[in-house]
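Student: task: produce atomic coordinates for the following.
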Amino acid sequence: MFNPIVDIFKITELKKKILFTLGILAVFRLGAAIPLPGVNPQALRSLFEAHRQGMLGFLDLFSGGALSRLSIFALGIMPYINASIIMSLLQGAHMIPALDQLAKEGEAGRKKITQITRYLTVLLATIQSFGLTIMITKTPTPGNIPIVAEPSLGFIFLTILTLVTGTMFVMWLGEQITELGIGNGISLLIFAGIVDRLPASIKNFFQLIYADEMSFITGLLLIAIILLTTAGVVWLETAQRKIPVQYAKRIIGRKMYGGASTFLPLRVDTAGVIAVIFAVSLLTAPLTILQFFPNASWAQKISSFWSRGGVLYEIVFATLIIFFCYFYNSIILNPDDLAENLKKWGGFIPGIRPGEPTAKYIQQVLERITLGGALAVVIIAILPDFLRKWFNAPFFFGGTTLLIAVGVALDTIGQIESYLLMHHYEGFVKNAKIKGRWFNIR
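Tutor: Next comes the predicted model:
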């Protein structure tokens, strides 16, 4: 492991990309620590402590603590993700012909769609920031201490403007990482927020055991569950279904080409962390609406049902994950295109006729492995919620966060390995027993 890390700094381009990414992440974490003016931090902390096991605590984890501090990056990247979901659904459903036309215009069309997504991000961020501002000015805290002493019109306007600007700046940071750094920028920002809370969670965990508020056996059981869940996530993110492909022999001039046997790799969890991130983003929509009515009895009743560990919440969460797994696969993988490319290059699946029968076979395999992968993701995502409810675990680093953290880490390491292999350096994962025997990555 040490040699590949040394090799990274031998490649000038890769070294610059990694240092640039780390610099952007440092800026993001700095902004997450700058609080908004006019807010009582103690009252705000007591509010989030009271709702630590609820949706507010979960959103605070995704923002890396920026929401509980009510910093300038309190909304994080969620408005941009919600805007991207809306645009993807509109394109996938073919509801707006103009968007379909833009998607067919190549790079110029993609730029216009990106611009529309940014405008939609501003709109969603404005709505969410207004709701958040109303919530902190009207929601009673456990000690009845006002979070905002003087919620004037100027304070509301300045808070909304700051939060929307912070969201757009975070979106820009993510785009800079994707273009000039290493890894997916948006996913890395979420990853940074999750990992930032991990040391404090581990500290609280051992403090509970030391204070005899949690038994030693329960602590060991929780650690074992986390390790098993992590291993399951790694296996799920690297598992593949290999469809054997045979290429026919062709004679061109005096030479014979083809005749090789290979395989078509289909990932069990093609959507990766995208399905989970999209599902979590949509689940925050009801909370945004409830923020406008913090003192209403019906809003409090809905909020009690709409909490992690609740039956309604988990059913909707599982349904959204399965939907987005299938939806993402329908956009990324087209069986007809795969079958046509195989036929064009003289390839065929043994026992399956080229053309339409091959496309149907690939579609059947995709549907089966997507269902299996989606159900596995659902189990990993929601099972720790119930275990946390039963064992009263003091941290949110469960299935959902593990799926995102491990998935982003594997994707980033994969991109670093690509740079190393292009420059004839040995990657992090050697072509040895671990790679072929355990996970069958390639």
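Student: against which helices or strands is the longest helix along the chain packed?
Tutor: Determined from DSSP state H, the single longest helix within the chain is helix 356-391. In terms of contacts (3 or more CB pairs under 8 Å, 6 or more residues apart in numbering; DSSP states H and E), helix 356-391 is packed against helix 216-238, strand 240-247, strand 261-267, helix 274-290, helix 311-332, helix 335-344, helix 399-422. Backbone N, C-alpha and C define where each C-beta goes, glycine included.
Student: so which of those is nearest residue 130?
Tutor: helix 274-290 (9.4 Å; CB to CB).
Student: give me the mean pLDDT for the closest one.
Tutor: Taken as a whole, helix 274-290 has an average pLDDT of 77.
Student: and if you look at stretch 162-170?
Tutor: Stretch 162-170 comes out at a mean pLDDT of 92.
Student: which residues touch that stretch?
Tutor: By CB atoms under 8 Å, 6 or more residues apart in numbering, the residues outside stretch 162-170 that reach it are 28, 31, 36, 71-77, 79-80, 118, 121-122, 125-126, 128-129, 132-133, 189.
Student: go again with 7 Å.
Tutor: 28, 31, 36, 72-77, 79-80, 121-122, 125-126, 129, 132, 189 (CB atoms under 7 Å, 6 or more residues apart in numbering).
Student: sorry, back to before: nearest to residue 378, out of the helices and strands packed on helix 356-391?
Tutor: helix 311-332 (4.5 Å).
Student: domain boundaries for the chain, per the record?
Tutor: 12-196, 210-442 (automatic domain parsing).
Student: show me the contacts for the residue lying closest to residue 81 once chain neighbours are set aside.
Tutor: Leaving aside its chain neighbours, residue 81 sits nearest to residue 281 (4.5 Å; criterion: CB to CB, 6 or more residues apart in numbering). Counting by CB under 7 Å, 6+ apart, residue 281 makes contact with 78, 81-82, 85.
Student: show me which of those residues are buried.
Tutor: Buried subset of those (neighbour count, 16 or more other CB atoms under 10 Å): 78, 81-82, 85.
Student: of those, closest to residue 17?
Tutor: residue 81 (23.5 Å).
Student: mind giving me the packing neighbours of the helix or strand the closest one falls within?
Tutor: Per DSSP states H and E: residue 81 is located in helix 78-93. Counting contacts by 3 or more CB pairs under 7 Å, 6 or more residues apart in numbering; DSSP states H and E, helix 78-93 packs against helix 97-103, helix 107-138, helix 153-180, helix 274-290, helix 311-332.
Student: ok, which of those helices comes nearest residue 8?
Tutor: Across these, closest to residue 8 is helix 153-180 (CB to CB), at 16.7 Å.
Student: was I right to think residue 67 contacts residue 78?
Tutor: No - applying CB atoms under 7 Å, one finds residue 67 not in contact with residue 78, separated by 9.8 Å.
Student: if we can go back for a sec, can you list the helices and strands packed on helix 356-391 in a markdown table and add distance to residue 160?
Tutor: Formatted as a markdown table, the helices and strands packed on helix 356-391 follow (distance: least, CB to CB, whole Å):
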| stretch | distance to residue 160 |
| --- | --- |
| helix 216-238 | 38 |
| strand 240-247 | 47 |
| strand 261-267 | 41 |
| helix 274-290 | 14 |
| helix 311-332 | 28 |
| helix 335-344 | 45 |
| helix 399-422 | 28 |
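Student: chain center to the longest helix of the chain, what's the gap?
Tutor: 16 Å (CA atoms, centre = their mean, to the nearest Å).
Student: check stretch 225-239 too.
Tutor: Distance, centroid of stretch 225-239 to centroid of chain: 16 Å (CA atoms, centre = their mean).
Student: show me what counts as buried in that stretch.
Tutor: Of the residues in stretch 225-239, those buried (16+ other CB under 10 Å) are 225-226, 229-230, 232-234, 236-239.
Student: what's the closest of these to residue 106?
Tutor: residue 237 (31.0 Å).
Student: distance check, the closest one against residue 229.
Tutor: Per CB to CB, to the nearest Å, residue 237 is found 12 Å from residue 229.
Student: need the helix or strand of this structure with the lowest average pLDDT.
Tutor: helix 433 (a mean of 41; mean pLDDT, DSSP states H and E).
Student: backbone dihedrals for residue 346, both of them.
Tutor: In this entry, residue 346 is assigned phi and psi values of phi 80, psi 20 (degrees, to the nearest 10).
Student: excluding its backbone neighbours, what's nearest it?
Tutor: Closest to residue 346 by CB to CB, 6+ apart is residue 248, at 4.6 Å.
Student: what residues does the spatially most central residue of the chain make contact with?
Tutor: The residue lying closest to the centre of the chain (CA atoms, centre = their mean) is residue 277, at 3.9 Å. Going by CB under 7 Å, 6+ apart, residue 277 touches 81, 190, 404.
Student: list just the nearest of these to residue 161.
Tutor: When those are compared against residue 161 (criterion: CB to CB), the nearest one is residue 81, at 21.3 Å.
Student: tell me the pLDDT at the closest one?
Tutor: On the pLDDT scale, residue 81 gets 85.
Student: coming back round to it: would you mind saying which of the helices and strands packed on helix 356-391 lies nearest residue 107?
Tutor: Comparing the helices and strands packed on helix 356-391 by CB to CB, helix 311-332 comes nearest, at 17.9 Å.
Student: give me the residues contacting that closest one.
Tutor: With CB under 7 Å, 6+ apart, helix 311-332 has contacts from 92, 270-271, 274-276, 278-279, 282-283, 305-307, 366, 370, 373-374, 377-378, 381-382, 385.
Student: so what's residue 38 closest to, chain neighbours aside?
Tutor: Per CB to CB, 6+ apart, closest to residue 38 is residue 155, 5.4 Å.
Student: swap in residue 343?
Tutor: That would be residue 354: by CB to CB, 6+ apart, it lies 4.5 Å from residue 343.
Student: tell me the SS of that neighbour?
Tutor: Following DSSP: H, G, I helix; E, B strand; the rest coil, residue 354 is assigned to coil.
Student: now stretch 331-346: average pLDDT?
Tutor: 82.
Student: so what's residue 32 up against?
Tutor: Counted by CB under 7 Å, 6+ apart, residue 32 has contacts 63-66, 71, 73.
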